[in-house]
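Visitor: one predicted model, sequence on top.
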Amino acid sequence: MDFALLERHFEKMGARIKLEGRRGRSPLFRPNVGGFSINIGNDKGGEHFILRLRTDEAPEIQVVDVRPRERHLLLLVREAEAGAKQKFLCGHDERDWFVAAIPEDSNASTVRTAMEALKPDAVRAAQVSKGVRFKDRTRRKTKAYLRQGEWFFLPVPELEVPAFLVLRNEPLRRGRGKPHFADECCRWGGETVYVSPRVGESHPNGLTEKEYKELLHDDPSAKSWPWSILRRNMGAFVRGRVRHPDHGPLVLPWWHRVEMNTEGGCRAMRNVAFLD
């Protein structure tokens, strides 16, 4: 890896990147992470990207596309042992720098195709049906959807929700990241998950019914652990203000369906240490 070249690419979009080796038991390296980790740090000079490498498993890293005007670039990482390819969109969104893992099956080769790959199917279908022009599809606000960070909001103006189903000041959360809060929200559907501090590091979004039963089969003592039974991936609709400290507030005058971007299902997410 030519780190000096990597630095120049990040400088093109107005960012700094620092290279660090693994030292001791850094919280940025979880047990299932390979030879690298990408993070957002902060120092006297402001926010910057941190690339941490384990010297014995250093991967091949290169920038395949950089868009200085949009302040985004696409990073390709090829792991040393398996040769597996992973891609990360690095850039600036509203107030802060971010890293997003790109789905492995997307074949994204540019910043633009990476941004499209982060959109769930419902969002891509909506932008086609609403006739959103190609040049407008990177905007945060279109006639098909609005976006705040990793969350997309699709308007459903005809939806009526009974008052007893409306939740106030409801969080929208991905893993351990800082939640976005909606003034009003209603939820239904989803799947049952079992959440415990004992498995929070390896399964931050909880265990499915099948995974929970398999754990008890392998370790019967796990039944005595502190558990909470929750619902995951419930359908959600929000209205009113949606706010987050890293983003400007959205104001939704009617109900909008909530869709999260696609990075949650990426294998590459294990190498993104920063969660907003």
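Guide: Arrived safely.
Visitor: and the nearest residue to Leu75 once chain neighbours are set aside, what element?
Guide: Leaving aside its sequence neighbours, Leu75 sits nearest to Phe88 (Cβ to Cβ, 6 or more residues apart in numbering; 4.5 Å). For the C-beta atoms, the positions are set from N, CA and C on the backbone; glycine is no exception. For Phe88, the host element (DSSP states H and E) is strand 85-93.
Visitor: list the buried residues in that strand.
Guide: Gln86, Lys87, Phe88, Leu89, Cys90, Gly91, Asp93 (16 or more other Cβ atoms under 10 Å).
Visitor: and if you look at stretch 153-168?
Guide: Phe153, Leu154, Pro155.
Visitor: dump that stretch to CSV, restricted to CA.
Guide: Presented in CSV, the C-alpha positions along stretch 153-168 are these (Å, rounded to 0.1, in the frame of the first residue of the first chain):
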residue,chain,number,x,y,z
PHE,A,153,-38.1,8.6,4.5
LEU,A,154,-40.6,7.9,1.8
PRO,A,155,-43.8,10.0,1.9
VAL,A,156,-47.1,8.3,2.6
PRO,A,157,-49.5,11.3,2.8
GLU,A,158,-52.7,9.1,2.7
LEU,A,159,-51.7,7.1,5.8
GLU,A,160,-53.9,7.5,8.9
VAL,A,161,-52.6,6.2,12.2
PRO,A,162,-54.8,5.8,15.3
ALA,A,163,-53.7,8.0,18.2
PHE,A,164,-53.1,5.0,20.6
LEU,A,165,-50.4,3.6,18.2
VAL,A,166,-48.4,6.8,18.1
LEU,A,167,-45.1,6.8,20.0
ARG,A,168,-43.6,10.1,21.0
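Visitor: for the worst-scoring helix or strand of the chain on mean pLDDT, name the packing helices and strands.
Guide: Lowest on mean pLDDT, DSSP states H and E among the helices and strands of the chain sits strand 228-232, with a mean of 84. Applying 3 or more Cβ pairs under 8 Å, 6 or more residues apart in numbering; DSSP states H and E, one finds that strand 228-232 contacts strand 191-195.
Visitor: the helices in the stretch 1-150 of the chain, which residues?
Guide: Using DSSP state H, counting those that start in this stretch, the helices of the stretch 1-150 of the chain run over residues 3-12, 111-117, 121-129.
Visitor: okay, those, which one's buried deepest?
Guide: helix 111-117 (a mean of 20; mean count of other Cβ atoms under 10 Å).
Visitor: contacts for that helix?
Guide: 65-67, 70, 72-74, 87, 89, 91, 102-103, 106-108, 124, 137-138, 262 (Cβ atoms under 8 Å, 6 or more residues apart in numbering).
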